[in-house]
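*Asks:* below: sequence and its predicted model.
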Amino acid sequence: MNKIKQNIKYLILNNWKFIILTLFVLSNSPDFAQSKYDFANKQRLAQSYLNARQFDKAKSIFEYLNKIQPLNYGVTTSLNKVYIQLKEYDNSIELLKSKIVLSPKNINYYGLLGTTYYTKGERDSASAVWHESILLNPKYEMNYRIIANYMIQNRAYDDAIEILKEGKHVSKNPNIFSYELANLYTVFMKYSNAAEEYCEIINRDPRQLNAVKSRMSAYISKDIALQETLKKVINIAEEKQSDAIKELLAYLYSASAKFSKAFEIIKDLDKAHHENGNRILKFCEDSFRQKDFKIANYGYAYLLKNFSNSPFQLIAKLGYIRSKLKILNVKYKKRNWRTISLPDTNGAFEFVVLANQFVKVLKINNLQNYYKSEMLYSLGIIYKEKLQNYKLAKVYFEKVSKAFPNSNYGILAQKQLGEIGIINNNLKRAEEYFKNISKKYSSNKSIKNSVFYSLAELQFWQGHFDKALQILSTVSGSLKDNFANDAIKLSLIISTLKFDSLSAVQYAKADLLTAQFKYEKAIDYFAKDTLSNQILIKQMAMFKIAELYAAIGDYASTIRYLEKLSKRENVNLYSDESLFLLGKTYLYGLNKKVKAKTIFEKLLAKYPNSVYFTQARKIINDILSNGNEIL
């Protein structure tokens, strides 16, 4: 017997070339190739049955294929899926156990076997299989993550947490496991546990601080999550004097609007490491990027006051006024429930004070061009949007467009100049600005759409309807693009107006007056269109009048027109939209919540397919959630 073994060994060692050649010939022989082809065809057929949920047909083919190629993992998993779908759990268990005998190191077979036990209802057996599979190679950390994933898929979350903890202890890179654990804890609202994992990550590698902040930002918007996280990090910061943990604590204080506490931590760290304000500056810049404008502004003000001779004074000045502008924009942002609004001059005095600070910064000699263009553009916006001083706004926008014509701010300034041209009724000059932009930014779809839409409006207002439609046809994009949607609406309006040339001229004039904020004059022109013989034109004009009355605060007139539209027996173009605006007028304009709720409920009942259905239902829920005392 031993002699036979030796002869076989001798033949293998000395004839390996012959063996390889033989295998090559066999594998490329017609019969072998045909066999592979038949197998692949049968596998595709079985898979198609599986996808079509014809499990009995798929089962017979996969069982046949499994006998031919028992080591084929794809066939095994597909056959196992069939068994599970047919609830043949014992067949699944037998199949997977046989595969484990053939491939004892394939961790996925253990994962699938545990899944079968779990699906069958034998939770203890599932847990035992999953945990025992780890013992096959307890130092191989990937196995912990694979098995944990099977547990998560089966909602065995406690087991998954236990396995991930074990993996973290043996891993050379425990942060991978901490991130997964933190994510699991977050899903189950165990925010304190998640915070502990994140702190462990930072302690091991302080460079992970920004990544941890990013992860936390996704869930600390919930008050309970923020408070639990903050409480835990405070306790950890007291135990472990880590700079990174302290910075995380400062971030959480900022998120809690406890700006003074956040800033004190950063100030102490800056002082302890003799950084002369540089850490504070970095904190301010990070806060600005994360849109924590109040804490950024507070920090920049401190730097300007306490580090007057520092080389970063210019950056601090720029940061201060930029963050202040953001704060004022948020502070004076009104709830825009109206579809057409008057210019908002709230906070004018504060904006004037800030504008003067922008002017002072512009006088600095070594101001970089990027910041100079931003400052000029911001001044233009303040005077145009917040102070309605179009003459001075135009001066600043022209400075940007002339000094930096091809910069982003230069392009935006030209767009603003076009809008000022419209307001001042200089349509020819407005058209020149928009055409100039279209040539430079034709590749940017958002800017392209907005500019071409403005060009189409200019043609419409001047009575060139066919030309306007031609331009509107070039405005393209998804329905999420406001200008693409507006282009569709304007195209429909123009197409409707073409049936009545006199009404078309009146409507276009009224629409231009609306763009120029001359709402009362616009109402007079739209009123003439309500006399049109064309029903659609009459409805369009009535709805526009209602929108304009809402804009100037004449809610009685708004309601009168909207009720006329919404009470018509035949469903019209503005039936649901009229009801929606009517409800908002009662709710936000007149604070009559009972009446508003009734109107929104009518919209839900009468127009279940309306685009305003979801919004109306949300408003009703908001009214109800505030309690009956407000109704």
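*Replies:* That came in fine, so what should we check first?

*Asks:* spatially central, which residue of the protein would that be?
*Replies:* For the chain, the residue nearest the mean C-alpha position is Ala218 (11.3 Å; C-alpha atoms, centre = their mean).

*Asks:* and that one, backbone torsions?
*Replies:* Torsion angles at Ala218 (phi, psi; degrees, to the nearest 10) stand at phi -70, psi -20.

*Asks:* quick check: it vs Arg44, distance?
*Replies:* As judged by C-beta to C-beta, to the nearest Å, Ala218 and Arg44 stand 42 Å apart. All C-beta atoms are positioned from the backbone trio N, CA, C, and that covers glycine.

*Asks:* tell me the domain boundaries of this protein?
*Replies:* 332-440, 554-630 (automatic domain parsing).

*Asks:* weakest of those domains in terms of mean pLDDT?
*Replies:* The weakest mean pLDDT among the domains of the chain belongs to domain 554-630, with a mean of 88.

*Asks:* about what we covered before: export the domains of the chain to a markdown table and tack on mean neighbour count?
*Replies:* Shown next, in a markdown table, are these (neighbours: other C-beta atoms under 10 Å):
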| stretch | mean neighbour count |
| --- | --- |
| domain 332-440 | 17 |
| domain 554-630 | 17 |
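
*Asks:* looking at these, spot the one closest to Arg155.
*Replies:* domain 554-630 (29.6 Å; C-beta to C-beta).

*Asks:* thinking again about what came up before, would you check how far apart the residue nearest to the centre of the chain and Tyr198 are?
*Replies:* Distance from Ala218 to Tyr198, by C-beta to C-beta: 12 Å.

*Asks:* now Phe293
*Replies:* Between Phe293 and Tyr198 the computed distance is 25 Å (C-beta to C-beta).

*Asks:* any regions of the chain where pLDDT drops low?
*Replies:* Counting by pLDDT under 70, the chain shows low-confidence ranges at 1-37, 441-444, 476-481, 568-572, 627-631.

*Asks:* go again with 50.
*Replies:* Within the chain, the ranges that satisfy pLDDT under 50 run 1-29, 31-32, 628-631.

*Asks:* kindly format the C-alpha coordinates of the strand or helix carrying Ile266 as PDB.
*Replies:* For Ile266, the host element (DSSP states H and E) is helix 259-272. Extracted as PDB, the C-alpha positions of helix 259-272 are listed here (Å, rounded to 0.1, in the frame of the first residue of the first chain):
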ATOM      1  CA  PHE A 259     -22.300  79.600  23.500                       C
ATOM      2  CA  SER A 260     -20.500  81.100  26.400                       C
ATOM      3  CA  LYS A 261     -19.700  77.600  27.900                       C
ATOM      4  CA  ALA A 262     -18.600  76.400  24.500                       C
ATOM      5  CA  PHE A 263     -16.400  79.400  24.000                       C
ATOM      6  CA  GLU A 264     -14.800  79.200  27.500                       C
ATOM      7  CA  ILE A 265     -13.600  75.700  26.700                       C
ATOM      8  CA  ILE A 266     -11.900  76.700  23.500                       C
ATOM      9  CA  LYS A 267     -10.500  79.800  25.100                       C
ATOM     10  CA  ASP A 268      -9.000  77.800  27.900                       C
ATOM     11  CA  LEU A 269      -7.500  75.300  25.400                       C
ATOM     12  CA  ASP A 270      -6.000  78.100  23.400                       C
ATOM     13  CA  LYS A 271      -4.400  79.600  26.500                       C
ATOM     14  CA  ALA A 272      -3.200  76.300  27.900                       C
END
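
*Asks:* mind listing what's buried along the helix or strand following it?
*Replies:* Following helix 259-272 in sequence order, the next helix or strand is helix 278-289 (DSSP H and E). Judged by neighbour count (16 or more other C-beta atoms under 10 Å), helix 278-289 contains these buried residues: 278-281, 283-284, 286-288.

*Asks:* so what's the backbone phi/psi at Gly463?
*Replies:* With angles defined as degrees, to the nearest 10, Gly463 sits at phi 90, psi 10.

*Asks:* from now on call the first residue 14
*Replies:* Fine by me, first position is 14 from now on; the one you just mentioned is Gly476.

*Asks:* what segments of this structure are strands?
*Replies:* In the chain, no strands are found when defined by DSSP state E.

*Asks:* show the contacting residues for the residue lying closest to Gln472 once chain neighbours are set aside.
*Replies:* The shortest distance from Gln472 to any non-neighbouring residue, by C-beta to C-beta, 6 or more residues apart in numbering, is to Ala481 (3.9 Å). In this structure, Ala481 makes contact with 469-470, 472-473, 503, 507, judged by C-beta atoms under 8 Å, 6 or more residues apart in numbering.

*Asks:* quick one, which of Phe306 and Tyr211 is more surrounded?
*Replies:* Counted by other C-beta atoms under 10 Å, Phe306 and Tyr211 do not tie: Tyr211 has more neighbours, with 30 against 19.

*Asks:* in space, what's closest to that one - neighbours in sequence excluded?
*Replies:* Computed as C-beta to C-beta, 6+ apart, the closest residue to Tyr211 that is not its neighbour in sequence is Val225, at 4.7 Å.

*Asks:* measure how buried that neighbour is and give me the count.
*Replies:* Counted with other C-beta under 10 Å, the neighbours of Val225 add up to 22.

*Asks:* again, but for the one 10 residues further on
*Replies:* Lys235 has 12 neighbours, counted by other C-beta under 10 Å.

*Asks:* buried ones only from the contacts of Ala481, please, as a ChimeraX command.
*Replies:* Command for ChimeraX that selects the buried part of those, burial taken from 16+ other C-beta under 10 Å:
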select :469,470,472,473,503,507
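
*Asks:* can I get the contacts of Ala481 in a markdown table including distance to Ala195?
*Replies:* Shown next, in a markdown table, are the contacts of Ala481 (distance: C-beta to C-beta, whole Å):
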| residue | distance to Ala195 |
| --- | --- |
| Ala469 | 51 |
| Glu470 | 51 |
| Gln472 | 57 |
| Phe473 | 55 |
| Leu503 | 50 |
| Ile507 | 56 |
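
*Asks:* closest to Ile334 among the contacts of Ala481?
*Replies:* Glu470 (34.1 Å).

*Asks:* I figured the closest one hits Ala521, correct?
*Replies:* No. Counting by C-beta atoms under 8 Å, Glu470 does not reach Ala521; the two are 9.4 Å apart.

*Asks:* need the overlap of contacts for those two.
*Replies:* Shared contacts of Glu470 and Ala521, defined by C-beta under 8 Å, 6+ apart, are absent.

*Asks:* what about Leu341, neighbour count?
*Replies:* Look at Leu341: counted by other C-beta under 10 Å, it has 19 neighbours.

*Asks:* that one: what's it in contact with?
*Replies:* With C-beta under 8 Å, 6+ apart, Leu341 has these contacts: 360, 363-364, 367.

*Asks:* let's see which of these end up in helices.
*Replies:* Filtering the contacts of Leu341 for membership in helices, criterion DSSP state H, returns 363-364, 367.

*Asks:* I'd say Leu400 and Val365 touch.
*Replies:* Yes. Leu400 is within contact range of Val365, at 6.9 Å (criterion: C-beta under 8 Å).

*Asks:* and Tyr562, how far from Ile612?
*Replies:* Distance of Tyr562 to Ile612, computed by C-beta to C-beta: 17 Å.

*Asks:* endpoint to endpoint, stretch 352-366 covers what distance?
*Replies:* 31 Å (C-alpha to C-alpha, to the nearest Å).

*Asks:* so what touches stretch 68-81?
*Replies:* Stretch 68-81 is contacted by residues 52, 55-56, 58-60, 62-63, 85, 88-89, 91-92, 95-96, 98-99, 108 when judged by C-beta under 8 Å, 6+ apart.

*Asks:* now a ChimeraX select for only the buried ones of those residues.
*Replies:* Applying 16+ other C-beta under 10 Å to the contacts of stretch 68-81 leaves a buried subset, and the ChimeraX line that selects it is:
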select :52,55,56,59,60,62,63,88,89,91,92,95,96,108
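
*Asks:* out of the contacts of stretch 68-81, which are inside helices?
*Replies:* 52, 55-56, 58-60, 62-63, 88-89, 91-92, 95-96, 98, 108.

*Asks:* quick one: which of these is nearest Ser451?
*Replies:* Gln60 (51.6 Å).
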